[in-house]
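Enquirer: Any chance you could fold what I've pasted below:
(chains A and B)
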Amino acid sequence: NAGVTQTPKFRILKIGQSMTLQCTQDMNHNYMYWYRQDPGMGLKLIYYSVGAGITDKGEVPNGYNVSRSTTEDFPLRLELAAPSQTSVYFCASSDGTTHNEQFFGPGTRLTVL
Amino acid sequence: GDSVTQMEGPVTLSEEACLTINCTYTATGYPSLFWYVQYPGEGLQLLLKATKADDKGSNKGFEATYRKETTSFHLEKGSVQVSDSAVYFCALLGGNFNKFYFGSGTKLNVKP
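Expert: Numbers count the residues shown, from 1 in each chain, chains lettered A, B, ... in the order given. Reported below is the predicted structural model:
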């Protein structure tokens, strides 16, 4: 199993550009999450999904959109990039059963200039 | 609401020193508790977990005990190594839609 994979690993955007961060998991997990990690800070939940076709906002959803058309994929869309979105983005998944941990991807480092 | 508070870093230790990173939590119900580790340039990896009061999670010489009476889950290791240098996150799994709540992270630097 590859686990949780994310692409790209690095990206530089200009203000106002848009992009999609890709996330795929091969563990048949129902639950998927997007977090951002600002320098020296903890994780903040952007969006999450409890299954295909179901998504919900987390703590910091403004400026982002998500979709979940399949169990495997959970892309994160930035429509109008702003410098405040410079961060490292982590995707995670879990099987949703009680007590079970989240599995994290390697992250995407995004810089908006 | 649910939350996790952990001690601020960075923590700098010499090799073979003892480590304690404090973590306390606020939660309704009976959460599961976790410690994740993040090595430089990588994603978070599960280090250990405990799912009920008085459980002790352990892995790679690290351990933490789920203390309901003090709402704590402190991370300990008797003898740290340079390779333990990383950021450590305490986390809580609440009952609401499988949401995780992470602490702010504690950076550990171990010097030879």
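
Enquirer: who's in contact with the nearest residue in space to residue A:14 that is not next to it in sequence?
Expert: Of all residues not flanking residue A:14 in the chain, residue A:113 sits nearest, at 6.2 Å (CB to CB, 6 or more residues apart in numbering or on different chains). C-beta here means a position set from N, CA and C on the backbone, and glycine is covered the same way. By CB atoms under 8 Å, 6 or more residues apart in numbering or on different chains, the contact set of residue A:113 is A:12, A:13, A:14, A:15, A:83.

Enquirer: same check, this time on residue B:7
Expert: B:21, B:22, B:23, B:106.

Enquirer: Same check on residue A:21?
Expert: Neighbours of residue A:21 in contact, by CB under 8 Å, 6+ apart: A:6, A:7, A:8, A:34, A:75, A:76, A:77, A:78, A:89, A:91, A:108, A:110.

Enquirer: Which of those fall in strands?
Expert: Under the assignment DSSP state E, the contacts of residue A:21 contribute A:6, A:7, A:34, A:76, A:77, A:78, A:89, A:91, A:108, A:110 to strands.

Enquirer: Type out the ChimeraX command that picks the buried ones from these.
Expert: Entered in ChimeraX, the line below selects the buried ones among those, by 16 or more other CB atoms under 10 Å in any protein chain shown:
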select /A:6,34,76,78,89,91,108,110
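
Enquirer: Now residue A:31: phi and psi?
Expert: phi -90, psi 130 (degrees, to the nearest 10).

Enquirer: Give me the residues contacting the worst-scoring helix or strand of chain B on mean pLDDT.
Expert: When the helices and strands of chain B are compared on mean pLDDT, DSSP states H and E, strand B:100-102 comes out lowest with a mean of 88. Contacts to strand B:100-102, defined as CB under 8 Å, 6+ apart, come from residues A:33, A:42-43, A:45, A:102, B:2-4, B:25, B:34, B:36, B:89-94.

Enquirer: Could you pull out the strands in the chain for me?
Expert: Picking chain A for this. Using DSSP E, strands in chain A cover A:4-7, A:10-13, A:19-25, A:31-37, A:43-51, A:54-57, A:64-66, A:76-78, A:87-94, A:103-104, A:108-112.

Enquirer: look at chain B instead
Expert: Going by DSSP E, chain B shows strands at B:3-6, B:11-14, B:19-21, B:23-26, B:32-38, B:44-50, B:56-59, B:62-65, B:75-77, B:86-93, B:100-102, B:106-111.

Enquirer: Nothing else from me, thank you.
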